[in-house]
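*Asks:* Predicted model, plus sequence, below.
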2 protein chains.
Amino acid sequence: MSTHPLEEILHPQSIAVVGASAGIVARGFDWVSYLSESGFKGKIYPVNPKYAEIRGLKAYPSLREVPGPVDYVISVAPASAVLNILEDSAPKGVKCVHLFTARLSETGRPEAAELERAILRQAKKLGIRLIGPNCMGVYYPKEGISFNENFPRQSGSAGLAAQSGSVSNEAIRLAAQRGVYFSKAISYGNALDFNECDFLEYFAQDAETKLILMYVEGVRDGKRFFSSLSQAAATKPVIVLKGGRGESGTRATASHTASLAGSMKIWNTMVTQAGAVSAESLNELIDLAAAFYFLPPIKGLRVGVAGGAGGTTVMSADHCEEAGLDVIPLPAEIREELKAKGNPIWDWIGNPADGSIRATDDFTAGDILQMMANNQNFDLLITHINEPHHRSQGQEISAETHLKQYKLEMRTQKPLLAVIPDKPAGINDDDERIREVMSATRTKLLETSIPVYPTIERAASAARKLVEYYRRKK
Amino acid sequence: MSTHPLEEILHPQSIAVVGASAGIVARGFDWVSYLSESGFKGKIYPVNPKYAEIRGLKAYPSLREVPGPVDYVISVAPASAVLNILEDSAPKGVKCVHLFTARLSETGRPEAAELERAILRQAKKLGIRLIGPNCMGVYYPKEGISFNENFPRQSGSAGLAAQSGSVSNEAIRLAAQRGVYFSKAISYGNALDFNECDFLEYFAQDAETKLILMYVEGVRDGKRFFSSLSQAAATKPVIVLKGGRGESGTRATASHTASLAGSMKIWNTMVTQAGAVSAESLNELIDLAAAFYFLPPIKGLRVGVAGGAGGTTVMSADHCEEAGLDVIPLPAEIREELKAKGNPIWDWIGNPADGSIRATDDFTAGDILQMMANNQNFDLLITHINEPHHRSQGQEISAETHLKQYKLEMRTQKPLLAVIPDKPAGINDDDERIREVMSATRTKLLETSIPVYPTIERAASAARKLVEYYRRKK
């Protein structure tokens, strides 16, 4: 099996940033910093005739003056400079140019589209591959390549190919909050040379990637896309989010990455037939990523729910059912066991188990969840993780004592999803300790491979799609 | 017009808490504190033979020994004590007993259901009204009546009647985060005496309430409910969330507040025919509450969107369209105006306006939103509020400078909704200043009567339901 061309490209020994700026650049794009702060171990060459030094590194007036070979170029220069950059790249042995450079075909202007075509012709002639234009390029934490100073240094097993830079940024940030980390992520913009199919094919054969996430606005070649998607989906789960689904979104797509969108119905059918999974929003992409990242295959839809209280329990049942899960009644064996143990609410507790109708303080949601985990009638479990009480019997609150009641060790017996509601940005908890406990709780859950969802609707929907995926696989 | 019986009940001069506990009570229920800390100005009488003093107040062994009249009783005592409490209440002139007391018909046990019926008979005989059992009772911030030490002291114009205590707690907390405050909220549990219809009728005639929110698990009398709902909806907007929608939710409902649920389809038709609005989840209830609380009537579906970037813009269009809004192309007049002003991206910018394709740093999302506000083709506007850049040109970040770019003054010309993504609980911002800016930003938006949503899907869906509501009203 021959190596995919991206394999060598993604392991450069030297990167030149052409059009690099010194100090705090406009709108925060500072690739020299991104590379040095992300731990890139190869050479970094800032190129800009206006500066002698950028971020402590010698700056070169042009690519030609860089000493030694250059494997990879990041172009931050204006579109008008790109043909020259390609000319200068060839003698340095550059294998790939990432064009952050934009204002090409996505502007809808004929002269910009013509320049874009000329760039492709020139690159092909010189044997240089292109990522972009109009994109953020490569995030490869293991190699210290990044396009945002706030991305995690930690590597993971998810791969992302996204046509949009802002979606890439958001997806990586949101995924990290949910414990999902990346092997590599590529923002590929106008897809002039390398396109969605290349990235799918690359990720399909990449041993570092176990799960593929895609954000696609349009595809250049529908037949090849179906084939690449099918082949990738045969090797590992692929989740696809389509941007530009309706009339206005298609219009917005045209001015964003100049892609043509098709009818959503045809699209969804195609994705399913290829064996991949469709996401309808960025949040759903991340929800599904967390499910596939952490959960084993789930064989059925019978769910046990615990940890909410009162009306929350009632609505948990509604939301699970509306997501297509089967909220079965509490099995008779569990009732019998509760009765045998002398539990006074043996005849009253159900599924979902209402956390507020506890018989005693030492019979918790975790106990009923543990019994559900041991019971063969359940295929999966969902637990609500509450904030600790402000007044917790005067005891010091800790994540350990807080989590103890949930008995999470039983997730080894049964797939388990946790629900912790989000908070509005800029809202401060009245108690810093509660925030600390919830932070430690979240960390502990993710370390234990329990995906965390902000609502039970989203947990149930992700679980349902996971079950459907594995049923189709069979 | 005669006064609604709840009017007098909700203005007690004295409240006795029967079964009150001292110190930190089990599971955090401490009504004596709730009342004193919420600023209740009348007399508070703790009643419990086990204590001489509770929270600094003299405790009485029984209701009969309380000096002077008692208007309102909160029963925290076990179910077996309620008949005696009623007996003791009559001679004190008690008008209403709120039964926090639970473990009655919701347990499904015949003897508990029989006791519940006996309680009702006794109360009727003695001329005492009941709220509950199995509920949290009354939150009336203006009168200093509360059932949670963390509820806002601030009053507002939303009224809430909720069958579930946990849903009441959540709804009040979530609403406050979105700037929605309450005239009064009532958690009414098993609805033995006062039920959903009484609360609807009360709120309909209550001058302090401009908007009614309901969480209902079941109704005792369908015909009366339709009539009460129709009459209330004729006076002010009513938003209804139904818990126990499916088979399993109905099962959970039975063990929660012993209600019988009906088919959701019939339910939704009934709610719409009554002129009210259906919510499908607690989050949607709050989303709709924020829309009706802050926005004027919106006449049409044509939306202008600005402030996102790249793929976020593309998906904004998708989500608005999928919610049923009409994302019209950027009107020609705006293009002409941009062109006349020499704006170099006049032919490229669209609706949604991509915040990343700005011509110059002083042409912001706010400028395009301002032009949309002035343009008669738009019925409403949605803006994404981003976090400030970590490196903001070296300047000190403040909410004022951050918000300036959004030009929110134009919301006086056109209804405006803002989108600020939520954060996972327990995730710390890497920059405390950003959290402060976002907190001040949120406060400023809400003070300016701009509702804030965590996603554009939810903003668009709330706006769509608001438009439909006002169209039906006509």
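*Replies:* Received the coordinates, thanks.

*Asks:* Next secondary structure after the helix or strand bottoming out on mean pLDDT in chain A?
*Replies:* None of the helices or strands of chain A scores lower by mean pLDDT, DSSP states H and E than helix A:247-257, at a mean of 70. Sequence-wise, the next helix or strand downstream of helix A:247-257 (DSSP states H and E) is helix A:264-273.

*Asks:* so what does that following helix touch, helix or strand wise?
*Replies:* helix A:222-235, strand A:238-242, strand A:277-279 (3 or more Cβ pairs under 8 Å, 6 or more residues apart in numbering or on different chains; DSSP states H and E). C-betas here are computed from N, CA, C, even on glycine.

*Asks:* quick one: buried residues of it?
*Replies:* A:264, A:267, A:270-271 (16 or more other Cβ atoms under 10 Å in any protein chain shown).

*Asks:* now stretch A:202-220
*Replies:* Buried residues in stretch A:202-220, defined by neighbour count with 16+ other Cβ under 10 Å: A:202-206, A:209-219.

*Asks:* what's the answer for stretch A:143-160, then?
*Replies:* Neighbour-count burial for stretch A:143-160 [16+ other Cβ under 10 Å]: A:143-148, A:151-152, A:156-160.

*Asks:* can I get the residues you listed in CSV with pLDDT?
*Replies:* Shown next, in CSV, are the buried residues of stretch A:143-160 (pLDDT from 0 to 100):
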residue, pLDDT
A:Glu143, 97
A:Gly144, 97
A:Ile145, 98
A:Ser146, 96
A:Phe147, 94
A:Asn148, 90
A:Phe151, 94
A:Pro152, 95
A:Gly156, 98
A:Ser157, 98
A:Ala158, 98
A:Gly159, 98
A:Leu160, 98
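
*Asks:* In the stretch 301-450 of chain A, where is pLDDT below threshold?
*Replies:* Across the stretch 301-450 of chain A, the ranges flagged by pLDDT under 70 are A:357-362, A:389-397, A:409-411, A:428-431.

*Asks:* quick check, nearest of the buried residues of stretch A:143-160 to B:Gly108?
*Replies:* Nearest to B:Gly108 among the buried residues of stretch A:143-160 is A:Ala158, at 46.3 Å by Cβ to Cβ.

*Asks:* now that closest one: how far from B:Ala207?
*Replies:* Separation of A:Ala158 from B:Ala207 (Cβ to Cβ, to the nearest Å): 56 Å.

*Asks:* wait, which of the helices and strands packed on helix A:264-273 is closest to chain B?
*Replies:* strand A:238-242 (8.2 Å; Cβ to the nearest Cβ).

*Asks:* now that closest one against helix A:222-235, angle please.
*Replies:* With axes from the mean of the first three to the mean of the last three Cα atoms, to 10 degrees applied, the angle from strand A:238-242 to helix A:222-235 works out at 140 degrees.

*Asks:* Tell me the strands beside strand A:238-242, with direction?
*Replies:* Sheet pairing for strand A:238-242, assigned by DSSP bridges, gives strand A:211-216 (parallel), strand A:277-279 (parallel).

*Asks:* Contacts for the shortest one, please.
*Replies:* By Cβ atoms under 8 Å, 6 or more residues apart in numbering or on different chains, the list of residues contacting strand A:277-279 from outside reads A:237-242, A:267-268, A:271-272, A:285, A:287-288, A:465, A:469.

*Asks:* most neighbours per residue, which of the helices and strands packed on helix A:264-273?
*Replies:* Highest mean neighbour count of those: strand A:238-242, a mean of 27 (counted as mean count of other Cβ atoms under 10 Å in any protein chain shown).

*Asks:* Please name the residues that touch A:Val419.
*Replies:* Applying Cβ under 8 Å, 6+ apart to A:Val419 gives the contacts A:307, A:382-385, A:452-456, A:459.

*Asks:* Let me fix that, I meant to ask about A:Gly310.
*Replies:* With the criterion set at Cβ under 8 Å, 6+ apart, A:Gly310 makes contact with A:354, A:356, B:164-167, B:256.

*Asks:* Could you rerun that using 10 Å?
*Replies:* A:354-357, B:102, B:106, B:134-136, B:162-170, B:187, B:189, B:217, B:243, B:252, B:256-257 (Cβ atoms under 10 Å, 6 or more residues apart in numbering or on different chains).

*Asks:* Sort out which of those residues are in strands and list them.
*Replies:* B:162, B:187 (DSSP state E).

*Asks:* Give the buried residues for stretch A:172-180.
*Replies:* In stretch A:172-180, residues buried by neighbour count (16+ other Cβ under 10 Å) are A:172, A:174-180.

*Asks:* right, and the pair among those residues with maximum separation?
*Replies:* Farthest pair in those (Cβ to Cβ) is A:Ile172 and A:Gly179. Separation: 12.8 Å.

*Asks:* isn't A:His402 right next to A:Ala440, touching?
*Replies:* Yes - A:His402 sits in contact with A:Ala440 when judged by Cβ atoms under 10 Å, with a separation of 8.2 Å.

*Asks:* Neighbour count for those two, which is higher?
*Replies:* Neighbour totals were compared for A:His402 and A:Ala440, and A:His402 leads with 21 against 16 (other Cβ atoms under 10 Å in any protein chain shown).

*Asks:* Confirm that the more buried one sits in a strand.
*Replies:* No - read with DSSP: H, G, I helix; E, B strand; the rest coil, A:His402 is helix and lies in no strand.

*Asks:* That one: what's it in contact with?
*Replies:* Residues in contact with A:His402, defined by Cβ under 10 Å, 6+ apart, are A:385-389, A:392, A:434, A:437-438, A:440-441, A:444.

*Asks:* Quick check: it vs A:Leu408, distance?
*Replies:* Using Cβ to Cβ, one gets 11 Å for the distance from A:His402 to A:Leu408.

*Asks:* What sits closest to whichever residue of the stretch 151-300 of chain A sits closest to chain B if chain neighbours are left out?
*Replies:* Closest contact between the stretch 151-300 of chain A and chain B, by Cβ to the nearest Cβ, is at A:Ser164 (2.6 Å). Spatial nearest neighbour of A:Ser164, excluding adjacent residues (Cβ to Cβ, 6 or more residues apart in numbering or on different chains): B:Gly311 at 2.6 Å.

*Asks:* partners of the host helix or strand of A:Ile382 in the sheet?
*Replies:* Following DSSP H and E, one finds A:Ile382 within strand A:380-384. If you go by DSSP bridges, strand A:380-384 pairs up with strand A:303-306 (parallel), strand A:416-419 (parallel).

*Asks:* Mind checking these for the one nearest to B:Tyr45?
*Replies:* strand A:303-306 (38.4 Å).

*Asks:* If you count neighbours, what's buried in the closest one?
*Replies:* Quick answer for strand A:303-306 (16+ other Cβ under 10 Å): A:303-306.

*Asks:* one step back: export the helices and strands packed on helix A:264-273 as JSON lines, with columns for mean pLDDT.
*Replies:* Output for the helices and strands packed on helix A:264-273, formatted as JSON lines (pLDDT from 0 to 100):
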{"stretch": "helix A:222-235", "mean pLDDT": "96"}
{"stretch": "strand A:238-242", "mean pLDDT": "97"}
{"stretch": "strand A:277-279", "mean pLDDT": "97"}
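
*Asks:* Same list (the ones you listed) but as a markdown table, adding distance to B:Pro12.
*Replies:* Below are the helices and strands packed on helix A:264-273 laid out as a markdown table (distance: least, Cβ to Cβ, whole Å):
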| stretch | distance to B:Pro12 |
| --- | --- |
| helix A:222-235 | 65 |
| strand A:238-242 | 55 |
| strand A:277-279 | 53 |
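
*Asks:* And the ones you listed: which comes nearest A:Pro329?
*Replies:* Comparison of the helices and strands packed on helix A:264-273 against A:Pro329 by Cβ to Cβ identifies strand A:277-279 as nearest, at 30.2 Å.

*Asks:* tell me the mean pLDDT over the next helix or strand after that closest one?
*Replies:* Next in sequence after strand A:277-279, counting helices and strands by DSSP H and E, comes helix A:282-294. For helix A:282-294, mean pLDDT is 98.

*Asks:* any idea of the angle helix A:282-294 forms with strand A:211-216?
*Replies:* 160 degrees.

*Asks:* domains of chain A?
*Replies:* A:1-133, A:135-294, A:297-473 (automatic domain parsing).
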